[in-house]
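A.B. asks: Mind looking at a prediction? Sequence and model below.
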Amino acid sequence: MTLADRVKQDLRTAMKAGERDRVGALRLVLSELQKAEKEGSSDEVAVLRRERKRRQESATAFRDGGRPELAQAEEAEAEVIAAYLPAELSDDELRAIVAGAVAETGASSPKDMGQVMKAAMPRVAGRADGRRVSALAQEALRG
């Protein structure tokens, strides 16, 4: 069962249960997944991560603009989307991946950051935000 199929099934369930907010979020997710499929992209997880990030950025903008009710709606959508994403890596797991990438590339200074990121990101495989990986890589290269 593909991710899009799972979203369709959950959408039907949410519609029957009368969960309006969830239905809206799932329709949006399904639309984005179908659009990516038409464009030839097969990375469903990347689509979900992008959409979750958009919701989080919107929530921040709404909070900064004094609209907490809209921010809460965006955060609720981000949570619905997050439920379909693989589990995030813990800091310890991520540190181990970054340490392995540093050892593999022979990086020794912050100048080697690009090499470390290039080696670490495929191992992370979408289970951690690039900013987290970058921060831990900088920490490892400085220390």
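C.D. replies: Cool, got the structure. Numbering: from 1, shown residues only.

A.B. asks: CA atoms only: put the host helix or strand of Gln34 into CSV for me.
C.D. replies: Using DSSP states H and E, Gln34 maps to helix 20-38. Below are the C-alpha coordinates for helix 20-38, written out as CSV (Å, rounded to 0.1, in the frame of the first residue of the first chain):
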residue,chain,number,x,y,z
ARG,A,20,-13.6,18.5,9.4
ASP,A,21,-10.1,19.8,10.2
ARG,A,22,-8.5,16.4,9.5
VAL,A,23,-10.4,16.0,6.3
GLY,A,24,-9.1,19.3,5.0
ALA,A,25,-5.5,18.5,5.9
LEU,A,26,-5.7,15.0,4.4
ARG,A,27,-7.2,16.4,1.2
LEU,A,28,-4.4,18.9,0.9
VAL,A,29,-1.8,16.1,1.5
LEU,A,30,-3.4,13.8,-1.0
SER,A,31,-3.5,16.6,-3.6
GLU,A,32,0.2,17.3,-3.1
LEU,A,33,1.1,13.6,-3.4
GLN,A,34,-0.9,13.3,-6.6
LYS,A,35,0.6,16.4,-8.1
ALA,A,36,4.1,15.1,-7.3
GLU,A,37,3.3,11.7,-8.8
LYS,A,38,2.1,13.4,-12.0
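
A.B. asks: how about it: buried residues?
C.D. replies: By neighbour count on 16 or more other C-beta atoms under 10 Å, the buried set for helix 20-38 is 22-23, 25-26, 28-30, 32-33, 36. C-beta here means a position set from N, CA and C on the backbone, and glycine is covered the same way.

A.B. asks: for stretch 127-141, same thing?
C.D. replies: Neighbour-count burial for stretch 127-141 flags 127-128, 133-134, 136-137, 140-141 (criterion: 16+ other C-beta under 10 Å).
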